[in-house]
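Visitor: sequence? don't have it. structure:
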DNA sequence: GTCTATAATATGATAGAC
DNA sequence: GTCTATCATATTATAGAC
């Protein structure tokens, strides 16, 4: 398998994967966007290269000019799904006053995660849905990317806990797992009519910090 | 190229979906159990009837004696995945003292859900993973089964709220969605070494009722 | 109830013209 | 960079013997 170069985001192909460009995607980027959408909708094994090609208005032969194999496409789709979310969360947290209290930090991270997750729907939703369908070799490589992001969240919670306001009985590891599951699950039911992303972030932050029971102190 | 490792793991000892019988499953039941496991591990489209047949020690011809099509198999796997969990939760809640306080009710429901979910791993995990991969006609029929269970949870939370101890600012609809996502997400990371099901249920109940922040009243 | 064949189709990937 | 073939396999499902 000849891999010419590690996947470099081209400056020319600014992608519908980033929400800010208005020009329709082309070539490699169009193939990626289309693949992400079809993987999400139909699953990995059930999406053929012919399907992707047809949706792009090209033939399967052309796809092999841009990618070496179907596996190469799905690898890139999976990577983008996690890395873009992680980047946005890191950026949001870094832009905060370092002395911010736990509630502020958590809310910023939760909002940034939800925003990127639901903005990149095709990539992130594909990620959640097809992870269990790709060949084990791809799965193993991708798990590294996932773990790095989980570790980031773990450190974030530990940093918040250092402020001393958390109930020491809480298990931060389980809390992190429950929180990330609650965040990512929104992919399956989120619609703007139900509630805005702001509302989601607010509600989830309050729920995880204060709980369902009333607390007269606040 | 999709090369499949002929997994030689003999799993005849694995518990079938009817947990009470100790004899290894046979015929129709063996096919269902095997299909559920393979669907979960490899995805729906990537699991062929040959794979299922081979793992059962029969041929594809035999499968068509028990089921009319591959879709008929997956329909039943999906149904079992939700219905069994729902049944166990209903039973647990019904066996409680009707005057039980919210914390008791919630804990019982959370524990029952986790217990059934992780006990029936092949069926419930297949359910979560392959839902997005089956033909739309099957998906639509199955969504009815899912919605019924979601409605049950909604009523459960409303019943708890009637006791008047909940913070009225909380959104019960979003809370339910976050809770079910947190519960089902455990399928992807649960291992007994991390924490017992009891521990999971306890931690999740406390987290959703009391939150992460310390509360001096308790 | 299980088997052996086999039909009809779809798939990932390649070669080579333009 | 895209096209038109085409190869070698794998797929669901069926027919009919035992």
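Guide: Thanks, I have the structure now. In this text, all values refer to a predicted model and were calculated from it rather than measured experimentally.
Visitor: now for the least confident helix or strand in chain A by mean pLDDT, which elements pack on it?
Guide: The weakest-scoring helix or strand in chain A, judged by mean pLDDT, DSSP states H and E, is helix A:121-130 (a mean of 93). Contacts defined by 3 or more C-beta pairs under 8 Å, 6 or more residues apart in numbering or on different chains; DSSP states H and E place helix A:121-130 against helix A:27-42, helix A:70-94, helix A:102-119. C-beta coordinates here come from the backbone N, C-alpha and C atoms, glycine included.
Visitor: quick one: pLDDT of residue A:16?
Guide: Listed pLDDT for residue A:16 reads 67.
Visitor: actually residue A:10, not the one I typed
Guide: As predicted, residue A:10 sits at a pLDDT of 37.
Visitor: Which residue would be the closest one in chain A to DNA strand C?
Guide: With C-beta to the nearest atom of the strand, the shortest gap between chain A and DNA strand C falls at residue A:48, namely 3.2 Å.
Visitor: Report the separation between that residue and DNA strand D.
Guide: Note on residue A:48: its distance to DNA strand D, by C-beta to the nearest atom of the strand, to the nearest Å, is 12 Å.
Visitor: can the helices and strands packed on helix A:121-130 go into a markdown table with extra columns for mean pLDDT, mean neighbour count and distance to DNA strand C?
Guide: Converted to a markdown table, the helices and strands packed on helix A:121-130 look like this (pLDDT from 0 to 100; neighbours: other C-beta atoms under 10 Å in any protein chain shown; distance: least, C-beta to the nearest atom of the strand, whole Å):
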| stretch | mean pLDDT | mean neighbour count | distance to DNA strand C |
| --- | --- | --- | --- |
| helix A:27-42 | 95 | 22 | 9 |
| helix A:70-94 | 97 | 19 | 4 |
| helix A:102-119 | 98 | 21 | 27 |
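Visitor: hmm, back to that, between the least confident helix or strand of chain A and helix A:70-94, how big is the angle?
Guide: Counting by axes from the mean of the first three to the mean of the last three C-alpha atoms, to 10 degrees, helix A:121-130 lies at 110 degrees to helix A:70-94.
Visitor: if I read this right, residue A:125 contacts residue A:40, doesn't it?
Guide: Yes. At 4.5 Å, residue A:125 counts as touching residue A:40 under the criterion of C-beta atoms under 8 Å.
Visitor: Quick check: residue A:156 touching residue A:93?
Guide: Yes. Judged on C-beta under 8 Å, residue A:156 makes contact with residue A:93 at a distance of 6.9 Å.
Visitor: Which residues are in contact with each of those two?
Guide: Contact with both residue A:156 and residue A:93 is made by residues A:105, A:109, according to C-beta atoms under 8 Å, 6 or more residues apart in numbering or on different chains.
Visitor: what about the residue of chain A closest to DNA strand C, how many neighbours?
Guide: Residue A:48 has 14 neighbouring residues, counting by other C-beta atoms under 10 Å in any protein chain shown.
Visitor: cool, residue A:205 as well?
Guide: 22.
Visitor: which SSE is it in?
Guide: Per DSSP states H and E, residue A:205 falls inside helix A:197-210.
Visitor: Please list all residues in contact with the residue of chain A closest to DNA strand C.
Guide: Counting by C-beta under 8 Å, 6+ apart, residue A:48 has no contacts.
Visitor: I'd like the distance between it and residue A:60.
Guide: 9 Å (C-beta to C-beta, to the nearest Å).
Visitor: so how far is residue A:186 from the spatially closest residue to residue A:87 that is not a sequence neighbour?
Guide: Distance criterion C-beta to C-beta, 6 or more residues apart in numbering or on different chains; nearest residue to residue A:87, sequence neighbours excluded, is residue A:116 at 7.9 Å. Residue A:116 sits 12 Å away from residue A:186, going by C-beta to C-beta.
Visitor: Overlap in contacts, these two.
Guide: Between them, residue A:116 and residue A:186 share no contacting residue under C-beta under 8 Å, 6+ apart.
Visitor: got the angle for the least confident helix or strand of chain A vs helix A:27-42?
Guide: For helix A:121-130 against helix A:27-42, the angle by the same axes, to 10 degrees is 50 degrees.
Visitor: Would you mind listing the buried residues in helix A:121-130?
Guide: Of all the residues in helix A:121-130, those buried under the rule 16 or more other C-beta atoms under 10 Å in any protein chain shown are A:122-130.
Visitor: Next: stretch A:175-194.
Guide: Buried, per 16+ other C-beta under 10 Å, within stretch A:175-194: A:175-187, A:190.
Visitor: what about residue A:65, neighbour count?
Guide: The burial count for residue A:65: 11, using other C-beta under 10 Å.
Visitor: confidence score at residue A:99?
Guide: Taking residue A:99 on its own, its pLDDT is 95.
Visitor: So it belongs to a strand, correct?
Guide: No. Assessed with DSSP: H, G, I helix; E, B strand; the rest coil, residue A:99 is coil; it does not lie in a strand.
Visitor: Identify each buried residue in stretch A:46-56, please.
Guide: Residues of stretch A:46-56 classed as buried: A:46-47, A:49, A:52-53, A:55-56 (neighbour count, 16+ other C-beta under 10 Å).
Visitor: still on that earlier bit, can you pull out the residues in contact with the least confident helix or strand of chain A?
Guide: By C-beta under 8 Å, 6+ apart, the surrounding residues in contact with helix A:121-130 are A:17, A:33, A:36-37, A:39-40, A:43-44, A:74, A:77-78, A:80-82, A:84-85, A:116-118, A:184, A:187, B:43, B:129, B:132-133.
Visitor: From the chain's centre, how far out is it? Work that out for me.
Guide: From the chain centre to the centre of helix A:121-130 is a distance of 8 Å (C-alpha atoms, centre = their mean, to the nearest Å).
Visitor: Would it count as contacting DNA strand C?
Guide: No. Helix A:121-130 is not in contact with DNA strand C by C-beta under 7 Å from any atom of the strand; minimum separation 12.4 Å.
Visitor: what pLDDT does the residue of chain A found nearest DNA strand D get?
Guide: Here chain A gets closest to DNA strand D at one residue, residue A:61, 2.6 Å apart by C-beta to the nearest atom of the strand. Per-residue pLDDT puts residue A:61 at 96.
Visitor: What of the one 5 residues further on?
Guide: According to the model's per-residue confidence, residue A:66 sits at a pLDDT of 96.
Visitor: That one: neighbouring residues, count only.
Guide: Other residues close to residue A:66 by other C-beta under 10 Å number 15.
Visitor: Show the contacting residues for it.
Guide: A:27-28, A:31.
Visitor: Among the residues you listed, pick out the one closest to chain B, please.
Guide: Using C-beta to the nearest C-beta, residue A:31 is the member of the contacts of residue A:66 that lies nearest chain B, at 19.8 Å.
Visitor: Please verify my assumption that that closest one contacts residue A:52.
Guide: Yes. Judged on C-beta under 8 Å, residue A:31 makes contact with residue A:52 at a distance of 6.4 Å.
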